[in-house]
Structures are given as structure tokens and as C-alpha cells.
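Participant: fold the following.
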Amino acid sequence: MTSSYGADQIQVLEGLEAVRKRPGMYIGTTGPRGLHHLVYEVVDNSIDEALAGHCTHIEVDFNADGSVTVTDDGRGIPTGIVSKTGKSGVETVMTVLHAGGKFGGGGYKVSGGLHGVGISVVNALSEWVEVTVWLDQKEYLQRYERGTPVTELNAKPSKGNRTGTSVRFLPDTQIFSTGIEFDYATVAGRLRELGYLNAGVRITFSDKRLELLKSSEPRVETYCYEGGIKEYIAYMNRDKQPLHEEVIYVQGERNNVQIEVALQWCVDAFSDNVLGFANNIRTIDGGTHLEGLKAVLTRTMNSIARKRNKIKENESNLAGENVREGLTAVISVKVPDPEFEGQTKTKLGNTEVRGIVDSLVGEVLTEYLEFRPQVADAILEKAIQAFKAAEAARRARDLVRRKSVLESSPLPGKLADCSSRDPSKSEIYLVEGDSAGGCWISNTYISLADGSVKTIKEIVDEQAEGKEHFCYTVRESGNIGIERITNARMTKANAEVIKLTLDNGEILICTPDHPFMLRDGSYRPAAMLTPEDSLMPLNRKLSKKTPQGQGLNGYEMVWNPSNDKWIYTHLLADFYNLKHGVYQASDGNHRHHVDFKKLNNNPTNIQRLPAAAHLALHRANLDQTLHRPDVIEKSRQAHMAEDYRAMMSQRMQQPETRQILSEQAKAQWEDQDYKAYMTSKWRDFYETDETYRQKNKELLNKAQQEYWSSEENRLAQSERVSNHFANNPEARETHSQLAKEQWQDEELLDWRREKTKEQWTPEFREKRKAALNETYYRKTLEALKKIHLHAGWMDLDLYNDYRRREKDKSLLKFETFCDRYFDGDAVYAREAIRNYNHRVVKIEPVEERYDVYDIEVPNSHNFALGAGIFVHNSAKQGR
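Facilitator: Got it, this is the predicted structure:
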């Protein structure tokens, strides 16, 4: 340690020496973030040229030697002598800090590189830099090493009128001791961002590090977006469900400050994602532009909410975070004289920008939403739900913080405080302990009657906001039904769980003791299930009209395990409403979906109406039905179909197309799995389409008649048969025996059929079917299901082999099974087999422990998971 401090201890760092001495002051860090910042500094200069209207194409290359090249088609760095430095313009901007055309000299109206140290810092922190400038039909080249020029600015003639600048640099390992390997994804993200922020500018990004890529070709991507930040919003929301399809867009300029804002709220997002940019630089620490945007959003939405009576006069305003819940937004401002905090420019400080953003966005957003009340209502509804959830959470926190004698003795972890002064809101549960408190990890899906499938954690969160949910359940009668979900909650923290795999590939994770519903309505704990256990299934489908025009199109149906038949889900909701006295059957015989959404079968969305009133309601709301955009589009496509089919028909007749398709088909049909799959699908189609079966029968009959009408064909077949029996003497005896079994007296068969019909009266059929349901019917159905699982389709030969092997007379022939229980309808019988049950194929221990959740289902006490099975609910413990 120096004992004295005098003038000799004062150091003066010349030129770029200060940058190399303290690089963190200029690029933030010498780690990976600082390394990539070098690329951004060079690219920002090219972007500034684009902002000035002089650049349309920027190329960024990762070279094989580890260096980076950035090339643009801008005006090119001036090459003349700068009077103040006595150096060329190129050498001045490369070696002198705070030198450039961005300080009010008229070179740039708007710029991201304000401080003028960007390119010179890159020069200082690189092992070498090569700068190429195309200007005045000449090509200029100069090389630098660690900030010092090692060559003169050499010029040579250049063909054409090309202009622009290319900077190639290799970071210095003396500075970046952790490595100088650039990450492609990191830079690609920034370049894509710049592509969105500068509509129409093309950025080409190439990675030529073939050894690193393990490829013989470089990786090349191009970013060019005519839609600008509107496309950026669409990109960020590509995996989300927008609340409104159109991106709200605001653009304008005031006091030379250019503003661009794009907004879109999403249904399935519960936090905001607001990105701010100033002169193309991401302001991750915010700034006045973001402050202005957030303020105007809050003020505008509250104003509209009060105008539309969404918030009452005596109610509090929505908070900013409520308004922004689910919002994806981008704000990009272009400021002539930006004030940034630090060289890395993470926060904008211009105070005037806030007011400009506030006024401009406020005017445009207000006008937009006033002309689109449906969008405004949707956004406000989401914000109000967020407000209610926040209030509920606040009250819960206050409840936890209460100080009282009662709370001085903490409750056991499995008990919840449920005190209330209102007896109507109080009840007591008697339970068995933790085993009654089940049992699912947070991302377990539950099938809901509104057509959605949500995780149990989402249901817990939404119920905290006051939202209702209805699930599928098996009622005490054994019939499928709908019931309200109550008391969704976390039941245990850090619980032991197991993993179960079902025969449909679904994976479930729950506590070992959670009860699963079996096909007979009983329950078995998860850990005790075996592949032989038959689980109660949930099967759903969309309805289709029959060829005769019967039924409905596009409505959900569920399989009823009690009678093995499909039933419309809205009839289950109707039954729920009748049972709970919501309305009377006399109110009308039509069931109407209140929100016009066919798949939303919540009981709260179903009402009974007289037929005339129902039809009148639909006529008055054609925008919800026939005039919906998707219906109009479907109609438009249908009108186009004839031209399209004609065009495709002509194309398919071309020899080269037919050859390609033939080769592809031959290769595809060589795949045995594909062949088996297509055979199964054809069988399903054949058995479900009466028109096709009849047409196919007629074609085959016509073909065989034409074939056998030929004397030549008959003689050829006769010769083949003679040769077969001559070469296979035993075949004659085999066929003789088979004929005796098959060809019985037809009159006797007819007499037997008539007598059977006389004996099988309706009363007798009902009694017999009821008596055999648990024997012949169930045993046959289970056996057929086993065959279906084993073969992948209903292989009757395998089933008959199984019957003979088991020697169980209660296993009916498939034909008998169809006739007795499905009125001879084989298609209906096959559907019952497919929908009969699910099974567990694997149970595995899980080392990690999870917080687990459950719900309550009044009356029936079971619910359907998204995986397609039913399980028991739990009960909350209270004191």
C-alpha cells in the first residue's frame, strides 16, 4: 500500500487506453454479455443508417476464424480528413472516443449510438479490426490491432456505385478471458428484434463456423418484417390465445419524437409482457416512454370502464397491474436527443417523452375502443377479474396476519382456519385424515363442461377470482352427469407421489392412495391398480348429422357408461338445471346456449325456450351464428371448391404427377404398420357408411357378373379347381365337412327364427337383458376390448380363438352379441367396445416430492380427468 499520494500518482490515459484499462465502464462486463455487446455496437451503427433512410440491407456473419463481420449498404464512413484531428474520418471514428455524426451535425436525425464510443470501444477491445468502406466508386481498407492503426487507409477503384461499410473484428482474449465464442441464438434474438423494430429493413445472419455447426453448409437466416412491431406482437403471442384478433396499433410524431405502440391482450396470460425500445435499443430498466404508456393505459381503461358502467361510482379504480394482466405490448420511440443512463443505455431519461406518449396513445386508444365496444368489454372483463383476484389475495394476507388468542396456537398443517359468524356459511367435515385429502400435482388436467381442459392449479386460481367450474361426473345411478366443482385447493405440501401411465399414453402423477373409479363404479387406490383393472372412461365427440338429416352438427356428446350410448352434453346440463330448480320443463322444449357457443355446456350457459322464441333469438343474433367470420369463411371455401377440384384433377392427370404418386403409394403400402392401420380405418368407414356399402356391393356384383359371363374365365377357373383337388386329395374331404356344417336346411332355419321371435317378447327381452348384463354382456364386452387392445382393431378371428381357448359359454359370438344388445348394428357394437374402459399399463415411483391439489364434487364425489378417466374427489378438513 502506498504511504504517500502526490502528483506522480495521477495517471493520464491517452486515446483508447482508458477503454482497455476499464472495459466494464463501456460494455458493462467482460463476460458473455459484454462480448455480445460488441456485435450490437457495430450493428447499431448500421441501424442508424437505416433510421436515416440510407440503408436497406445489413449482413452479419460469424466467420470460421471466430471473427464477426457486419456489412451494410449505407452511405459509408466519410474518408476525408477531419480538421480537428488531422486524421481521416474512418480513423477518427475508430480511434477517438465521442467522435461521430450523431451530435447535432446533421448526419443523423435519430440515432441509437449517442455517446459516440461504440465503434471505437469495439476497436479498443479487439485483437484486430478491419474496416472496409465503399464510397465515391472506391474501396477503402484499414486494419487496426488493439485499437492502433497498423496500415494507412488504402484506396482502390471499386466497380459500380456501391456504398456502405463493413467492419470485421476479432475480440481480444486478453480482455475476454472467459472466451470469445459467440452464441448464435443470443445474437439471432437481437437481430430478429431489430428486424421487427425497423419495418422493411432486411437483416441477413450467417454462421460460417462449420466445424462448430458440424455441417457442410453455413446456417443462414433472414429477418425482414413489413408489419413491424405488429408482427412482433404476433410472434410473441404465437402460442397464446389472443383476447382480440387485431393488434391495436398506434403511430405518430410530435415535437420530432416518433412513437410506435402495438398492444394485444391474451386470454391465457396472467402477467404482462411490455417491451420498451428507444432508438432501437431495448430499455430493460424502463424509462419515461414506458412510464407514459403504463399511465395512459390505466387512465384510459378506467375512463372507459366508468363510461360503460363496468365500475360503479363508489368503486375503486382498476390498478395498473390489473389493466395490464395478459397484455403483450411493444413501444418503440425515436428521440433526436435521447438521454440514456450509462453507455449500455438500459433506461430512457427524456422527461418530455412521457407526455408525448401519454397524449398520443390516449387519443388513439380511446377512439379505437369506442368504435369496438366488444374488444373494450373483453379487456375490461379480464382486468376486473384480475382486480377481484388481487383483492381476494389481499384479504387472505390480512387474515393470515391477524393477531388473536385463537391464532396464537398455530393449526396443524393439514387443517385450515375456516371461522365465520354466519351459520349458513359454516359446516363441518368428518374425514379420515390425510388419505381423504388427496392428491394431484398442479399440472393435472381436468375436463370441464365448458369445452375446456384446465389444470387443477388453474382451477384453484380461477376459483379464487370467483369463477365457476363444472365437471363431468358419474352419478349414483351410474349415468354420466355434470356437477359443480367446489373448494379447489392445495391439500398437502411436499407430498409423496407415484407416476401412472394409461393405455392411451396419458401420464398421471398423484399420491399413492388416491382412489380411481373402476368400470363397475367401485374405487381402488392408485398404488394398488394393475393392468387387469378396468377403469371408468370419459369419451367425448362432436355430433354429426346422419345422411338422412337426423341429429345435430357440431355439438359435444359424451358416452354414457350406464347404457353404452352417446348423449348430448347440453342435455346433461339441462338435467342439472331441472334438478336444481333453475327453470321448469314447461319453460320450453328447446335448450339454448346463452353465449351461442355450442361447446360451452356449463349449466349456467343453458336455458329452456319455446321453439318459436328460440328461432327468433337466433334470427336476431345472426352475427353469433350464420354471420360469424369462421362460418362465412367456410361458405367461401365451399364456393371455391369446384374450381379447386377441377385444377387438382387436371394436375393429377399429368404423367409426371401420376408417376410420383404411384411411387409414393407403393413405398407407403410396403409399411406393414401403415397397411394394418389403413385396413382398420377402412373397416370402420365401411361399417359406418350405408351408402358406400350399397354402392360397393353393386359395383362388385356388376364386376363379378361381367367376369363370369366370359366363357374363357369360367373354363380357366374350372381348370384351376380340378388341378387343386387333383394335387390335394385331402382338400375334398375338408371341404365336404365344412359344407355339411354350413349348408343346413333353410326351411328349418326359417322355422326356428320365427319361433324365437314368438318367444322373445319385449317383456322377456327386458328381463333377460337385465339378468345377463353383469354376465354375458359385460364379460363379452371386456373380452372384445382385450382383443381390440391387443390387435389394434376388432379382430374377430382372434376373438373366436380366445372363446375356444377359454371354453366359456358366457362369451358370446360377436354376431350374437350384436343382435342381442345392439339390434344387429355391428358399428354401434364396435363403438361400445372402443369406449368401454381404460387401463393402467405402468406404475412407477417418483423420487421428487410435490405440492398436491384436489377439488370437491357435491353429491357424486367423483370427476373426470383430462386423461379420460374418473377419480374420487376429496374433502377439506376444518375445525
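Participant: domains of the protein?
Facilitator: Domain assignment of the chain by automatic domain parsing yields the ranges 17-223, 229-390, 437-621+842-879, 760-834.
Participant: could those domains go into TSV alongside mean neighbour count and distance to Arg714?
Facilitator: (Glycine included, C-beta is placed from N, CA and C.) Shown next, in TSV, are the domains of the chain (neighbours: other Cβ atoms under 10 Å; distance: least, Cβ to Cβ, whole Å):
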stretch	mean neighbour count	distance to Arg714
domain 17-223	18	65
domain 229-390	19	66
domain 437-621+842-879	17	39
domain 760-834	16	31
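Participant: nearest to Asp684, out of those?
Facilitator: domain 760-834 (7.5 Å; Cβ to Cβ).
Participant: distance between the ends of that closest one?
Facilitator: Domain 760-834 has an end-to-end distance of 29 Å (Cα to Cα, to the nearest Å).
Participant: wait, Ile77 touches Thr163, no?
Facilitator: No - Ile77 is beyond contact range of Thr163, at 10.4 Å (criterion: Cβ atoms under 8 Å).
Participant: shared neighbours, the two?
Facilitator: With contacts defined as Cβ atoms under 8 Å, 6 or more residues apart in numbering, the residues shared by Ile77 and Thr163 are Leu135.
Participant: what's the first helix or strand after the helix-or-strand element of the chain with minimal mean pLDDT?
Facilitator: One helix or strand of the chain scores below all others by mean pLDDT, DSSP states H and E: helix 629-652, with a mean of 61. Per DSSP states H and E, helix 629-652 leads on to helix 655-669 as the next helix or strand towards the C-terminus.
Participant: so which elements touch that next one?
Facilitator: Here helix 655-669 touches helix 629-652, going by 3 or more Cβ pairs under 8 Å, 6 or more residues apart in numbering; DSSP states H and E.
Participant: just the pLDDT at the closest residue to Glu476 other than its chain neighbours, thanks.
Facilitator: Ranked by Cβ to Cβ, 6 or more residues apart in numbering and with sequence neighbours excluded, the top spatial neighbour of Glu476 is Ser860, at 6.6 Å. We have a pLDDT of 90 for Ser860.
Participant: my guess is Ser860 contacts Tyr472, does it?
Facilitator: No - here Ser860 lies out of contact with Tyr472, judged by Cβ under 8 Å, at a distance of 9.9 Å.
Participant: quick check: neighbours shared by these two?
Facilitator: Residues touching both Ser860 and Tyr472 (Cβ under 8 Å, 6+ apart): Gly481.
Participant: which residue ranges of the stretch 51-200 of the chain form helices?
Facilitator: With DSSP state H, counting those that start in this stretch applied, the stretch 51-200 of the chain shows helices at 89-95, 118-124, 184-197, listed in chain order.
Participant: which among these is found nearest to Gly147?
Facilitator: Distance to Gly147, taken as Cβ to Cβ, is lowest for helix 118-124 among the helices of the stretch 51-200 of the chain, at 4.1 Å.
Participant: who are the packing partners of that closest one?
Facilitator: Packing partners of helix 118-124 (3+ Cβ pairs under 8 Å, 6+ apart): helix 17-21, helix 32-51, helix 89-95, strand 164-171.
Participant: between the ones you listed, which gets nearest to Asp65?
Facilitator: Across these, Asp65 has its closest neighbour in strand 164-171 (7.1 Å, Cβ to Cβ).
Participant: ok, back up a step: need the domains of the chain in a markdown table with distance to Glu687, can you?
Facilitator: Formatted as a markdown table, those follow (distance: least, Cβ to Cβ, whole Å):
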| stretch | distance to Glu687 |
| --- | --- |
| domain 17-223 | 50 |
| domain 229-390 | 38 |
| domain 437-621+842-879 | 14 |
| domain 760-834 | 4 |
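Participant: worst average pLDDT in the ones you listed?
Facilitator: Looking at these, the weakest mean confidence is domain 760-834, a mean of 75.
Participant: re the thing from before, enumerate every residue touching the residue nearest to Glu476.
Facilitator: 473-476, 481, 483.
Participant: ok, Ala199 next?
Facilitator: Neighbour list for Ala199: 225-229 [criterion: Cβ under 8 Å, 6+ apart].
Participant: can I assume Ile843 is in contact with Leu529?
Facilitator: Yes - assessed by Cβ under 8 Å, Ile843 is found in contact with Leu529 at 6.7 Å.
Participant: what touches both of those two?
Facilitator: Common neighbours of Ile843 and Leu529 (criterion: Cβ under 8 Å, 6+ apart): Leu500.
Participant: shouldn't Val39 be in contact with Ile180?
Facilitator: No - if you go by Cβ under 8 Å, Val39 and Ile180 don't touch, sitting 11.4 Å apart.
Participant: helix, strand, or coil at Pro336?
Facilitator: Assigned with DSSP: H, G, I helix; E, B strand; the rest coil, Pro336 falls in the coil class.
Participant: I'd say it and Gln258 touch.
Facilitator: No - here Pro336 lies out of contact with Gln258, judged by Cβ under 8 Å, at a distance of 9.4 Å.
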